[in-house]
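[1] got a structure for you, letters missing:
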Ligand SMILES: Cc1cc2nc3c(=O)[nH]c(=O)nc-3n(C[C@H](O)[C@H](O)[C@H](O)COP(=O)(O)OP(=O)(O)OC[C@H]3O[C@@H](n4cnc5c(N)ncnc54)[C@H](O)[C@@H]3O)c2cc1C
């Protein structure tokens, strides 16, 4: 076992982690630990854009943006956080421009902007052009730009280090605080303990809970799982976004930019059905509404294709030159993966699991909360792993690339400033014991069940029962399967017993996080007897502000401890649900019409 000591340890090198690193590393000794090479992080797959009310191409302001974010999130958004994000958006884009990001330009040389779902002028009057973009490779450009700047600044990366535990200890004042993390090095199989004054989680999402997803194979919710096992609650996990336009049958994403640039959704009869569901902004309604409308067309028999199980995204009325300039990558995806030519044929699409609105709860300073009010000193989270609740129950397109930049920056500054003033906290005794027990437990097993089989069962039940439409019966069925999988996980076996590059072993560990998080998602959804944003209950179709305009907080009992890795302590016996009020500053909940 090796030990290291840094003032700040950042876990994750996606957009949020690297934006944090740029701030922290100029202020104090910082290490970035990442299970992927930084430039392979999922931020690089983001396509459509990053929004800010720059008003470069038409009138706009950050208050309209805030309103859209709050309404788009179906009023579960903490409005103080949304105000900060929308106000700081403008500088966040300009910072990236100064770092060298090649945004698309208007003929006058300003950053160009395009329409995206739910972004409107003057509180819903019409769609507004707010999304800044670099063709349909905006995330790629952000990730590369941040990485180049990190390299320039000499940020210290530990690549292919999987953080599998969070270390906490009680400080001199009797308050439990962050003390470091434990990581598994992929190349060697060695375990490393990192002592730190501040720990920033920036580990991204957990789309792999579902089978049909736009998310990369690596998005297994590790940061959420690690924190939860150590007693940190998870907030609003039942709110998962299903993006309307995944390639049918595959889930690979076709950016909403396709509709922002004029694409139209049609059913088997060729009808532009969104006119019925959102008469004002039609195909550019927020994602939850569009996804539900599509699923409804299919259910009511108006789906296209031999099995009538998808709808069509029609770009054929757009000029091929326009498609090539603005949507080159995603049209190539349609050709490559479905053999469809978007110039002349509509593209088969269906909703795909895309984004976790919930996560590790934080305040607007990105400090992690241990309950509704108290922070864990020294612990920070930003990006998709976190829930600062700027997205409420449904995130607007282009608000995540914004979130990771605004709150990533805030996390880097806050973590470094805390570290400058804080004393070192001692590491707990046997800091690596939990990870060691977990990893060796799996490696040492001689026979049992395969990771891929359990993962497939989990993902299939989540797709079938906890997707766009949910009912009490469907979710109870899912919980039954999850319970069974928790038991069977104790027998999971890997073929590769080696130490070097043992990805089999790490997939087994990741599966543990997925099972745990699937349970939290489903329990939260079962308890929320209303429909709001991405969470739609067929048995409770209305939004219920009296009983449910509040955040869900899920707590784990018992906590992971000694003997972790043994069947009894690996998963929560019980997940306790509590609630937290929503912060409302200026927008009272209204009926959500588009
Ligand atoms: C296909 C696709 C297209 C999208 N398009 C857009 C868009 O146009 N606009 C928009 O606003 N949003 C978009 N999104 C959403 C947005 O891209 C993500 O929410 C955002 O990029 C997440 O950034 P992040 O920094 O939080 O996480 P990520 O970029 O996912 O990075 C996570 C990092 O954590 C590390 N990590 C994870 N687990 C561990 C561990 N156990 N130990 C160590 N390191 C770990 C990984 O190595 C990685 O570096 C899109 C998402 C997808 C999937």
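    Received the coordinates, thanks. Computed from a predicted model, the values in this text were never measured in an experiment. Residues are numbered from 1 along each chain as shown.

[2] Secondary structure element holding residue 91?
    Secondary structure from DSSP states H and E places residue 91 in helix 79-99.

[3] Can you get me the centre-to-centre distance for that helix and its chain?
    Here helix 79-99 is found 19 Å from its chain centre; the criterion is C-alpha atoms, centre = their mean, to the nearest Å.

[4] After that helix, which helix or strand is next?
    Next along from helix 79-99, by DSSP H and E: strand 113-121.

[5] picking up where we left off before, ok, and for the helix holding residue 91, which residues are buried?
    Within helix 79-99, the residues scored as buried using 16 or more other C-beta atoms under 10 Å are 79-90, 92-93, 95-96. Where C-beta positions appear, they are placed from N, C-alpha and C, glycine not excepted.

[6] does the residue of the stretch 401-550 of the chain found nearest the ligand count as helix, strand or coil?
    Nearest to the ligand, among the residues of the stretch 401-550 of the chain, is residue 401, at 3.5 Å (C-beta to the nearest ligand atom). Applying DSSP: H, G, I helix; E, B strand; the rest coil to residue 401 yields a three-state assignment of helix.

[7] Distance-wise, check it relative to residue 513.
    Distance, residue 401 to residue 513, by C-beta to C-beta, to the nearest Å: 24 Å.

[8] low-confidence ranges in this protein?
    Scanning the chain for pLDDT under 70 picks out the ranges 560-569.

[9] distance between the lengthiest helix in it and the chain's centre?
    Counting by DSSP state H, the longest helix found in the chain is helix 503-527. Taking C-alpha atoms, centre = their mean, one finds helix 503-527 lying 14 Å from the centre of the chain it belongs to.

[10] Need the residues that contact the helix or strand following that helix.
    Following helix 503-527 in sequence order, the next helix or strand is helix 545-548 (DSSP H and E). Identification of contacts with helix 545-548 by C-beta atoms under 8 Å, 6 or more residues apart in numbering yields 75, 528-530, 532, 589.

[11] coming back round to it: who's more crowded, residue 401 and residue 513?
    residue 401 (27 against 22; other C-beta atoms under 10 Å).

[12] Spell out which residues of the stretch 201-350 of the chain are next to the ligand.
    Residues of the stretch 201-350 of the chain lying near the ligand by C-beta under 6 Å from any ligand atom: 202-205, 214-215, 222-223, 253, 255.

[13] I'd like to know how far the residue of the stretch 1-150 of the chain found nearest the ligand sits from residue 143.
    Closest approach between the stretch 1-150 of the chain and the ligand, counting by C-beta to the nearest ligand atom: residue 14, at 2.2 Å. Distance of residue 14 to residue 143, given as C-beta to C-beta: 7 Å.

[14] can you check residue 228 too?
    27 Å.

[15] Return the backbone torsion pair for the residue of the stretch 51-200 of the chain found nearest the ligand.
    Residue of the stretch 51-200 of the chain nearest the ligand, by C-beta to the nearest ligand atom: residue 163 (3.6 Å). Dihedral pair for residue 163: phi -80, psi 120, per degrees, to the nearest 10.

[16] now swap in residue 256 and tell me
    Taking degrees, to the nearest 10, you get phi -60, psi -20 for the backbone angles of residue 256.

[17] so who does it touch?
    48, 116-117, 243-245, 287, 397.

[18] In space, what's closest to it - neighbours in sequence excluded?
    residue 397 (4.4 Å; C-beta to C-beta, 6 or more residues apart in numbering).

[19] How many residues are close by that neighbour?
    30.

[20] thought it was touching residue 114?
    No - at 10.7 Å, residue 397 does not count as touching residue 114 under the criterion of C-beta atoms under 8 Å.

[21] and residue 258, which of the three is it?
    Per three-state DSSP, the local secondary structure of residue 258 is helix.

[22] For it, give me its contacts.
    With C-beta under 8 Å, 6+ apart, residue 258 has these contacts: 245, 313, 315, 327, 330.

[23] Return the closest of these with respect to the ligand.
    Closest to the ligand, out of all of the contacts of residue 258 and judged by C-beta to the nearest ligand atom, is residue 330, at 9.5 Å.

[24] element containing residue 296?
    helix 287-299.

[25] what does residue 32 give?
    Using DSSP H and E, residue 32 falls in strand 30-34.

[26] List of residues touching that strand?
    The contact list for strand 30-34, computed with C-beta under 8 Å, 6+ apart, reads 4, 6-13, 17-18, 21, 24, 38, 41, 150, 155-161, 163, 181, 183, 194, 196, 416.

[27] ok, of these, which come out buried?
    Neighbour-count burial (16+ other C-beta under 10 Å) applied to these gives 4, 6-13, 17-18, 21, 24, 38, 41, 150, 155, 157-161, 163, 181, 183, 194, 196, 416.

[28] These in strands, which ones?
    Taking DSSP state E, the ones among these that sit in strands are 4, 6-11, 157-159, 161, 163, 181, 183, 194, 196.

[29] among these, which two are most distant?
    Across those, the longest distance by C-beta to C-beta is 20.2 Å; it joins 7 and 159.

[30] tell me the contacts of residue 328?
    135-136.

[31] So if we follow the domain assignment, how does the protein break up?
    245-351, 433-571 (automatic domain parsing).

[32] a markdown table for those domains, including distance to residue 381?
    Converted to a markdown table, the domains of the chain look like this (distance: least, C-beta to C-beta, whole Å):
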| stretch | distance to residue 381 |
| --- | --- |
| domain 245-351 | 23 |
| domain 433-571 | 15 |
